[in-house]
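[1] Would you be able to build a 3D model of this:
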Amino acid sequence: MRAEKREKRQRKSVIYYYIAIVITAFLGTGLSLYLKGGVPFVKEGAPIFMKIAGMVSLLLLTILLYCKAQKRKWKIVGVVSIVLLAAVFSWFASGISKEAALKPHTLDTPETEFSRYDIQDGHFTVKEPNPNIIKEINEDVLKNVVIHFSKPIEQNIAIKVMYTNRKDEDFSKEKKVNFKAQKGATQAILPVEQSNVSRVKIIIGKKIGAQFDFGSIELNGNYQERLKEKERDFLVYYSMFIACL
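    As a prediction, this is how the structure comes out:
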């Protein structure tokens, strides 16, 4: 009789533990999004909550298995299976496979396509306001634009990337990324994080007289670092699940 009561208490404790994890996960995520500055739910909040829901489902499977399995060996087999399933879930939730598919590639940028620069053997000098190059790209996903300089820049250079989605007719002030490359830099990474991008307008240097030695423009660059970041996400998801077991 005492053993039966003790088992019931253990099951209740497990259920309370599960509920506490769910509440903490959702409240913590909501708070982080709020502190981040009111990130739109559909754009960023929903995917995060979906990942939490997946992790919660795995935890629920583990708890049900623990409560229902009668023999110790089946509990062990079940828990091992859930742990392996958690690894698969963490892999997909981290987005490693999608990130790996976004290979970097270099735009074709002949000097004749640059507007309002004075160009001498790869050395660019801004000669008029709003210097730029506009390229048709038609990228399903554009993570970033990387500007490579052939020599370290000798002054701070302001860079702007404007983009249009496939439904847009022209560039707008809302769809842009600003960056200031510091003196001595050989590249500038501008995070875009947009889908269905049809065109980009790249402005390197705003002040008349700004100078730099241009190298190339790369889309979805910084590949190895992007993969490492997703690998860290995988370890975080998997560690969270293991810690909750």
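
[2] Met240 sits in which helix or strand?
    helix 223-244 (DSSP states H and E).

[3] Which strands or helices does that helix pack on?
    The contact analysis (3 or more CB pairs under 8 Å, 6 or more residues apart in numbering; DSSP states H and E) places helix 223-244 against helix 46-68, helix 72-94, helix 96-101. Quick note: C-beta positions are derived from backbone N, CA and C, even for glycine.

[4] can we see that at 10 Å?
    Under the contact definition 3 or more CB pairs under 10 Å, 6 or more residues apart in numbering; DSSP states H and E, helix 223-244 sits against helix 2-35, helix 46-68, helix 72-94, helix 96-101, strand 133-149.

[5] lowest-confidence stretch among the ones you listed?
    Note on the helices and strands packed on helix 223-244: lowest mean pLDDT is at helix 2-35, with a mean of 57.

[6] what's the neighbour count on Arg232?
    For Arg232, the tally of surrounding residues (other CB atoms under 10 Å) stands at 11.

[7] distance of it from Ile96?
    10 Å (CB to CB, to the nearest Å).

[8] Break the protein down into its domains, please.
    Per automatic domain parsing, the structural domains of the chain span 2-100+228-244, 105-221.

[9] For whichever strand or helix holds Asp118, which outside residues touch it?
    Using DSSP H and E, Asp118 sits in strand 117-120. Here strand 117-120 makes contact (CB atoms under 10 Å, 6 or more residues apart in numbering) with 111-112, 123-128, 131-133, 204-205, 209-212, 214.
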